[in-house]
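[1] Okay, structure incoming, though there's no sequence with it:
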């Protein structure tokens, strides 16, 4: 019967073989401090429970790689790339669990049979977009995959675009790609902050080493420091700006963002404390907390932390109120 398999009186076709590989490691984009607060890194952090793989990671990439050679074991995008809107909660045992997951059209909530429209008003608040990418690191091992997780909308757009281009131009299986850590600006809580993004790019994608370089296109294999490239405009999503941080324009924009940040912190404080001396108390508190001489000396990152903590950490407002007594 050729490739047919007879089971009793039923003749069944053999199931097509699907490539399946176990996960052997993680590609992390940041780490948590002793208090559990997350902070991003300008490089990748590769982790594996397999001692031999962990040893090879250090040997091949060192402690802080900013670019990784990757590929895929299948052409089925759904097997290597997922993007969901996820809402997490805590159980009675104070363990995190997935309360709701949506694909942008409909969502399934834990404990409910019916699906509801997605996205809903909770997106961007309690609910966050989460993207997972499964890759092979051929320089490390071909026997298992590594998982990368990001909540960055900009990184998701870059990854999605590159996978779509690859699928329409020859497929993804064993095709060379690069994962690169790039720098840019993003809007967080209505403030522009410096962020690090993940760019997935075809290894033969044409890029320029600088905005003014009009020479023939170079591939990643020809560039000494691929993490410093300026990405092709066709791949970079709208809103992602990468510029020379030392340029006069970048410095001018930084000063303006810091100035705007100071005003937003003061404005948010007035929602919790209505007192004519509230701003003075805020400046005193901030200088003591961050070890600055004046409120104007605070960096954008410190202003962002302060803006976040007001209204979230009760002790912050309480400490400022104490200064008013």
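    Yep, that arrived. Bear in mind the structure is a predicted one, so any value in this text is a computation, not a measurement.
[2] tell me the mean pLDDT for stretch 303-312?
    For stretch 303-312, mean pLDDT rounds to 73.
[3] for stretch 77-86, same thing?
    87.
[4] Can you give me the end-to-end span of that stretch?
    20 Å (CA to CA, to the nearest Å).
[5] Check stretch 114-129 too.
    21 Å.
[6] What of stretch 142-158?
    OK, stretch 142-158 end separation, CA to CA: 25 Å.
[7] And stretch 163-183, by the same measure?
    Span of stretch 163-183 from end to end, CA to CA: 21 Å.
[8] Then stretch 31-42?
    11 Å.
[9] Show me what that stretch is in contact with.
    29, 30, 45, 64, 66, 181, 183, 195, 196 (CB atoms under 8 Å, 6 or more residues apart in numbering). Using the backbone N, CA and C atoms, a C-beta is placed for each residue, glycine as well.
[10] give me phi/psi at the fourth one?
    With angles defined as degrees, to the nearest 10, residue 64 sits at phi -140, psi 70.
[11] The stretch 51-200 of the chain: helices as residue ranges?
    51-61, 77-80, 153-167 (DSSP state H, counting those that start in this stretch).
[12] wait, which of the ones you listed is closest to residue 319?
    Nearest to residue 319 among these is helix 153-167 (34.1 Å), distances taken as CB to CB.
[13] low-confidence ranges in the stretch 51-200 of the chain?
    186-192 (pLDDT under 70).
[14] residues touching the closest residue to residue 162 other than its chain neighbours, list them.
    If the residues on either side of it in the chain are set aside, residue 162 comes closest to residue 200, at 4.6 Å by CB to CB, 6 or more residues apart in numbering. With contact taken as CB under 8 Å, 6+ apart, residue 200 is in contact with 70, 133, 158, 159, 162, 163, 177, 178, 179.
[15] Check residue 24 too.
    48, 49, 50, 53, 141, 143, 144, 145, 146.
[16] Let's verify the second one: helix, strand, or coil?
    Residue 49 falls in the coil class when you classify it by DSSP: H, G, I helix; E, B strand; the rest coil.
[17] Tell me, how many residues neighbour it?
    For residue 49, the count of nearby residues is 10 (other CB atoms under 10 Å).
[18] Contact partners for it?
    24, 25.
[19] how close does it get to residue 23?
    10 Å (CB to CB, to the nearest Å).
[20] quick one on the thing from earlier: and the contacts of residue 24, which is closest to residue 125?
    residue 146 (30.7 Å).
[21] Let me know whether that closest one touches residue 27 as I believe.
    Yes: in this structure residue 146 lies within contact range of residue 27 using CB atoms under 8 Å: 5.2 Å.
[22] Between those two, which has more neighbouring residues?
    Neighbours were counted for residue 146 and for residue 27 using other CB under 10 Å; residue 146 has more, 25 against 22.
[23] Let me see the contact set for the more buried one.
    For residue 146, the contacting residues are 23-27, 46, 48, 70, 134-137, 140, by CB under 8 Å, 6+ apart.
[24] Who is it paired with across the strands?
    Per DSSP bridges, the residues bridged to residue 146 are residue 25, residue 135.
[25] Can you name the residues that contact the closest residue in space to residue 90 that isn't next to it in sequence?
    Spatial nearest neighbour of residue 90, chain neighbours left out: residue 96 (6.1 Å); criterion: CB to CB, 6+ apart. By CB under 8 Å, 6+ apart, the residues touching residue 96 are 88, 89, 90.
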